[in-house]
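Peer 1: model this:
(chains A, B, C and D)
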Protein chains: 4
Amino acid sequence: MLPSSPHVRSVYENESGVLAHAKPGMLLIDSSTIDPLTAREVAFDARAKGVAMVDAPVSGGTAGAEAGTLTFMVGGEARDFEAARAILGAMGKNIVHCGGSGNGQVAKICNNMMLAIEMIATSEGMTLAAKLGMDPKVFAGIVNTSSGRCWSSDTYNPYPGVLENAPASRGYAGGFGADLMLKDLTLVTEAAKQAKVPVLLGAIAQQVYQKHSADGHGGKDFSSVILQYLKT
Amino acid sequence: MLPSSPHVRSVYENESGVLAHAKPGMLLIDSSTIDPLTAREVAFDARAKGVAMVDAPVSGGTAGAEAGTLTFMVGGEARDFEAARAILGAMGKNIVHCGGSGNGQVAKICNNMMLAIEMIATSEGMTLAAKLGMDPKVFAGIVNTSSGRCWSSDTYNPYPGVLENAPASRGYAGGFGADLMLKDLTLVTEAAKQAKVPVLLGAIAQQVYQKHSADGHGGKDFSSVILQYLKT
Amino acid sequence: MLPSSPHVRSVYENESGVLAHAKPGMLLIDSSTIDPLTAREVAFDARAKGVAMVDAPVSGGTAGAEAGTLTFMVGGEARDFEAARAILGAMGKNIVHCGGSGNGQVAKICNNMMLAIEMIATSEGMTLAAKLGMDPKVFAGIVNTSSGRCWSSDTYNPYPGVLENAPASRGYAGGFGADLMLKDLTLVTEAAKQAKVPVLLGAIAQQVYQKHSADGHGGKDFSSVILQYLKT
Amino acid sequence: MLPSSPHVRSVYENESGVLAHAKPGMLLIDSSTIDPLTAREVAFDARAKGVAMVDAPVSGGTAGAEAGTLTFMVGGEARDFEAARAILGAMGKNIVHCGGSGNGQVAKICNNMMLAIEMIATSEGMTLAAKLGMDPKVFAGIVNTSSGRCWSSDTYNPYPGVLENAPASRGYAGGFGADLMLKDLTLVTEAAKQAKVPVLLGAIAQQVYQKHSADGHGGKDFSSVILQYLKT
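Peer 2: As a prediction, this is how the structure comes out:
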């Protein structure tokens, strides 16, 4: 699990890298979150040497890792996915085959784009409802049984005091860092540019997290983005 | 259930309106979706005549109405809520007390702002994932067991063919009209201006639905907003 | 020159208001900035009493007022415009006939929407160029002889120290208050909703100024919006 | 003048590239619009071989090129700038020294970000004013003597019929292509991410041009972005 595309290229494809030493028949599992194009190219190079490779980025946060309930989004051939599943099952609950190489990345970054937008949507909705006179817990309860519900509202609510176990109730410590979310938003808006798909809310979410990071909150859990609204 | 604030004012407060004829001890239930301020003022005027009044806007769409599973968001005094609950229970499954007068409106419009943003988020995520090579059903399945899940992705997915019973699979006919969503977004961004709360994504969602309506799609289900992305 | 539509309605149309006392043949000049619809309705009521009325909102700020170089944007019939011009010429340099009643307001709020967007564009461009290593004065000089030039860059630059006489070089004191700009942006986005015209950047500019005001900068000159970027 | 950073790297730094054959004392002038970082690195490599190099991207469009009134934004050492000026003066009217290597690029892409935002601002303002009942030429005349004026309104107005010589009056043929603007917006939003500077309106302008291109208008002049508003 490496931090970015250049690291993945270097670790696998350098003169003394993984591919230089891998033996035909081996299975490589890469859990980095990187751009789908790089993932596809490295897997192609691996296959050219008779080495199987799947991209298997992960979702679920540190809590999911500790509990062994992570989601792995796997891109690669069906039989390689089956081989990887046996191993990944030790760490995750949902091991999903997303299709060919690179599709694990597509699933991960598109999911996280939705997540970031929904987290900001929840931040705006909670803040506005509270300012208009509602009890935040009551409002969250209504949303969570209605059409506005989402993981960010019912499982990871950013408003302090609504969910006892959410980062919002411990000063936004731990969890999934805002700078990591910013990284994924940067990846997904890049991929959208290459695919010529407009992602208006995705691009704005990227900007909001960029401002949040520039304001010094990059190390906090990503639900702290509500501070962009609550502090005012 | 009236279309807008001026209609509510007129029906209740005209010379020959409801309040002119209501008798002390009566209970008035208004299920219009209007701005919280007007709801509070009309309820105040009712109470001044010894008449109880609750605002009780509704969520769940036409399907929920037919199945008797609507959510009613009720603003008003506790005992008036109890009295209203007995009646509203015939049409709805979730009858929620949101606090004092007007809070039913707050819950409704803030929930729907979140809903609109999440529907656009789902539209962007589904479209991008499909263009980047994923099967839309597979992507939806992953999101719906992961952190990007929301009602718009798991119950009302806007991508054609993903959910058999969603409006997307019948040409966006029926359901909750895009122009009704636009009306709610206009109400909520107005309320946010009055409360001086920034709602960046809410304001953009209002613009996206305004363009969608101007493009001639106002009569379709609100999930048709994905056509702003799919058609390109 | 009154602060908002309800004030205009009240001052002109109350029982003891201006229209109740105006004599046929009189000319009324209203320099409030309000929504075009209200301006049209009050002018209609005036004409119904044989009283001429023009809407004549103003642009140019306090500096323009002191120098007698204001721009008046006048809506009303041609001969009423001619009559008003003689008077307004004492305070302004550009007295422009914008067409029928209410068009003075249209010109004013649409101009100010462009102005707000351009001020934010200049704030983003200046901040980014400086962070990327350019001297802000040199960058401003280039923009101002190139295609990015605008009034906000060449006459009212928001970056401290670029223009000696701009509010940016005196702590954003004086000038045109951010809260007044917020008021105009609220008017123009409302008018756009009624006209069903999408104004995406206009709606976002409204949000940026709403956050700027909520952050406590409403009393500063509107060019202080650059603090949303510089402070980070 | 090459289309993108990889082309520049390849032409200058390949085994048989420009730097391999350049002799000490030569002056290299590169007028490509690329990211500032690449420009700085190639200039550094040139200097390491005793070869002077300036980045000199250009602004002013095809009309400026034909008339010899282009603006060249030059990054590099002062004496290299002086040497380049003698040559560039044959094609341009404004030859500006922007500071060290790469600053020509910074000036170009930050100017064009402002330009794109202002063009969309003008599109929104013109469309709204027209829909609210004003003559577009009259509105443009007012803006152009007021605080909303910008190059996009007074020299290159996107509304058909306002300026006889603008692309808007010949079906948006010729001029500066929308896809070229999209390229510059992609460069500048990338540079902003690296510099951690939020550019909210810049990111949205990038999205609007991305949708415009996806809608099939990439080959038209960039002022055709008004079709995103007028067609509705």
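
Peer 1: C-alpha only now, for contacts and for neighbours.
Peer 2: Fine.

Peer 1: Up against chain D, what does chain A have?
Peer 2: For chain A, the contact set with chain D under CA under 8 Å from any CA of the partner chain comprises A:186, A:193, A:196-200, A:203-204, A:207-208, A:210-211, A:214.

Peer 1: Can you add secondary structure and give those back as TSV?
Peer 2: What follows is the residues of chain A next to chain D, written out as TSV (DSSP: H, G, I helix; E, B strand; the rest coil):
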residue	secondary structure
A:Thr186	helix
A:Lys193	helix
A:Lys196	coil
A:Val197	coil
A:Pro198	coil
A:Val199	coil
A:Leu200	helix
A:Ala203	helix
A:Ile204	helix
A:Gln207	helix
A:Val208	helix
A:Gln210	helix
A:Lys211	helix
A:Ala214	helix
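
Peer 1: close to chain C, is the lengthiest helix in chain A?
Peer 2: Selection of the longest helix in chain A by residue count, based on DSSP state H, yields helix A:103-131. No: Helix A:103-131 lies apart from chain C when judged by CA under 8 Å from any CA; the minimum separation is 12.2 Å.

Peer 1: Quickly list the domain ranges of chain A.
Peer 2: The record's domain parsing of chain A by automatic domain parsing lists A:5-101, A:109-230.

Peer 1: any idea which of those domains is most buried?
Peer 2: Counting by mean count of other CA atoms under 10 Å in any protein chain shown, domain A:109-230 has the highest mean neighbour count of the domains of chain A, with a mean of 23.

Peer 1: Just the residues contacting the helix or strand containing A:Phe81, thanks.
Peer 2: Applying DSSP states H and E as the criterion places A:Phe81 in helix A:78-88. Under the criterion CA atoms under 8 Å, 6 or more residues apart in numbering or on different chains, residues A:27, A:29, A:52-54, A:72, A:74-75, A:95, A:97, A:99 lie in contact with helix A:78-88.

Peer 1: OK, contacts around the residue nearest to A:Tyr156 when sequence neighbours are not counted?
Peer 2: The shortest distance from A:Tyr156 to any residue other than its chain neighbours is 5.4 Å, reached at A:Ala166 (CA to CA, 6 or more residues apart in numbering or on different chains). Shown in contact with A:Ala166 (CA under 8 Å, 6+ apart): A:155-158.

Peer 1: before we move on, back to that, just put the contacts of helix A:78-88 in a markdown table and tack on pLDDT and secondary structure.
Peer 2: As requested, the contacts of helix A:78-88 are exported to a markdown table (pLDDT from 0 to 100; DSSP: H, G, I helix; E, B strand; the rest coil):
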| residue | pLDDT | secondary structure |
| --- | --- | --- |
| A:Leu27 | 97 | strand |
| A:Ile29 | 97 | strand |
| A:Ala52 | 96 | strand |
| A:Met53 | 97 | strand |
| A:Val54 | 98 | strand |
| A:Phe72 | 93 | strand |
| A:Val74 | 97 | strand |
| A:Gly75 | 97 | strand |
| A:Ile95 | 93 | strand |
| A:His97 | 95 | strand |
| A:Gly99 | 94 | coil |
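
Peer 1: If we only consider those residues, which is nearest to chain D?
Peer 2: A:Gly99 (26.1 Å; CA to the nearest CA).

Peer 1: Quick check, the closest one in contact with B:Met134.
Peer 2: Yes: with contact defined as CA atoms under 8 Å, A:Gly99 reaches B:Met134; the gap is 6.8 Å.

Peer 1: Okay, now stretch A:85-101: how far is its last residue from its first?
Peer 2: 15 Å (CA to CA, to the nearest Å).

Peer 1: ok, what's across the strand from A:Cys150?
Peer 2: B:Cys150 (DSSP bridges).

Peer 1: any idea how far chain D is from it?
Peer 2: A:Cys150 is 25 Å from chain D, where distance means CA to the nearest CA, to the nearest Å.

Peer 1: Now the residue of chain A most remote from its centre: closest residue in space, sequence neighbours ignored.
Peer 2: In chain A, the residue that sits farthest from the middle, by CA atoms, centre = their mean, is A:Gly133; the gap is 33.8 Å. Take A:Gly133 and drop its neighbours on the chain: the residue closest to it by CA to CA, 6+ apart is B:Asn103, 7.2 Å away.

Peer 1: what does A:Lys131 give?
Peer 2: Distance criterion CA to CA, 6+ apart; nearest residue to A:Lys131, sequence neighbours excluded, is B:Ala195 at 6.8 Å.

Peer 1: mind listing what the one you found touches?
Peer 2: A:128, A:131-132.

Peer 1: Just send these back as a markdown table, with distance to A:Arg9 and pLDDT too.
Peer 2: Shown next, in a markdown table, are the contacts of B:Ala195 (distance: CA to CA, whole Å; pLDDT from 0 to 100):
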| residue | distance to A:Arg9 | pLDDT |
| --- | --- | --- |
| A:Leu128 | 45 | 97 |
| A:Lys131 | 49 | 95 |
| A:Leu132 | 51 | 95 |
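
Peer 1: part of a strand, is A:Thr71?
Peer 2: Yes: counting by three-state DSSP, A:Thr71 is part of a strand.

Peer 1: Quick check: it touching B:Ser147?
Peer 2: No: A:Thr71 is beyond contact range of B:Ser147, at 9.6 Å (criterion: CA under 8 Å).

Peer 1: shared neighbours of these two, anything?
Peer 2: Shared contacts of A:Thr71 and B:Ser147, counting by CA under 8 Å, 6+ apart, come down to A:59-60.

Peer 1: does A:Gly125 really touch B:Leu115, like I thought?
Peer 2: No: judged on CA under 8 Å, A:Gly125 makes no contact with B:Leu115 at a distance of 9.8 Å.

Peer 1: Return the helix or strand in chain A with minimum mean pLDDT.
Peer 2: helix A:61-67 (a mean of 81; mean pLDDT, DSSP states H and E).

Peer 1: for it, the distance to its chain's centre please.
Peer 2: 13 Å (CA atoms, centre = their mean, to the nearest Å).

Peer 1: okay, the angle between the helix holding A:Phe81 and strand A:70-74?
Peer 2: Calculated by axes from the mean of the first three to the mean of the last three CA atoms, to 10 degrees, helix A:78-88 forms an angle of 160 degrees with strand A:70-74.

Peer 1: how far is helix A:78-88 from where the chain is centred?
Peer 2: Chain-centre distance of helix A:78-88: 21 Å, with CA atoms, centre = their mean.
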